[in-house]
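> just need the structure, nothing else, for what follows:
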Amino acid sequence: MRKRLLLTVLAFPLFAFGQEKQPPEPRVEYEKKTVINFDDDTIQGDLTRPDGEYVEARKRVNHSNLIKIREEWRDKVKQSAADL
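Presented below is the predicted three-dimensional model:
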């Protein structure tokens, strides 16, 4: 039993040296500000604008109120209380 333990303890460093060391990963550093220079390039294009129809605002639509006030509510509450 002692021989196995002693062999295991002595053999462990051999396995540790057999592993390859991985090279450290290169650090990526980004600049805070990116400058793009278009001095030598000629940029051509047309300015596209929407027609006047799309720019005009729509007319406001009058909607009917969806909340309907019940006129007989108080009478029905009093009647249900009287029924108890």
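> what about the helices in the protein?
Here the chain has its helices, by DSSP state H, at 2-17, 52-55, 73-83.
> mean pLDDT lowest for which of those?
For the helices of the chain, the weakest mean pLDDT is recorded on helix 52-55, namely a mean of 57.
> so Thr34 versus Asn62, what's the distance?
52 Å (C-beta to C-beta, to the nearest Å). Bear in mind the C-beta positions are built from the backbone N, C-alpha and C, glycine included.
> neighbours of Glu29, how many?
5 (other C-beta atoms under 10 Å).
> now the one 3 residues further on
Other residues within reach of Lys32, judged by other C-beta under 10 Å, total 4.
> any idea how far it lies from Gln44?
Lys32 is 32 Å from Gln44, by C-beta to C-beta.
> what pLDDT does Leu47 get?
Looking at Leu47, the pLDDT reads 74.
> actually Asp51, sorry about that
pLDDT, Asp51: 62.
> so who does Pro26 touch?
Contact analysis of Pro26 by C-beta atoms under 8 Å, 6 or more residues apart in numbering lists nothing.
> let me fix that: Arg60
Contacts of Arg60 by C-beta under 8 Å, 6+ apart: none found.
> let me know the pLDDT of it.
Arg60 is given a pLDDT of 77.
> also Thr34?
pLDDT at Thr34 comes out at 86.
> and it, how far from Arg27?
19 Å.
> same deal with Leu5?
Distance from Leu5 to Arg27, by C-beta to C-beta: 44 Å.
> next: Asp41.
Counting by C-beta to C-beta - Asp41 and Arg27 are separated by 33 Å.
> for stretch 76-84, what is the distance to the chain centroid?
Between the centre of stretch 76-84 and the centre of its host chain there is 54 Å, according to C-alpha atoms, centre = their mean, to the nearest Å.
> neighbour count for Leu5 and Arg27, which is higher?
Leu5 (9 against 5).
> which residues does that one contact?
No contacts exist for Leu5 under C-beta under 8 Å, 6+ apart.
> fine by me, thanks again.
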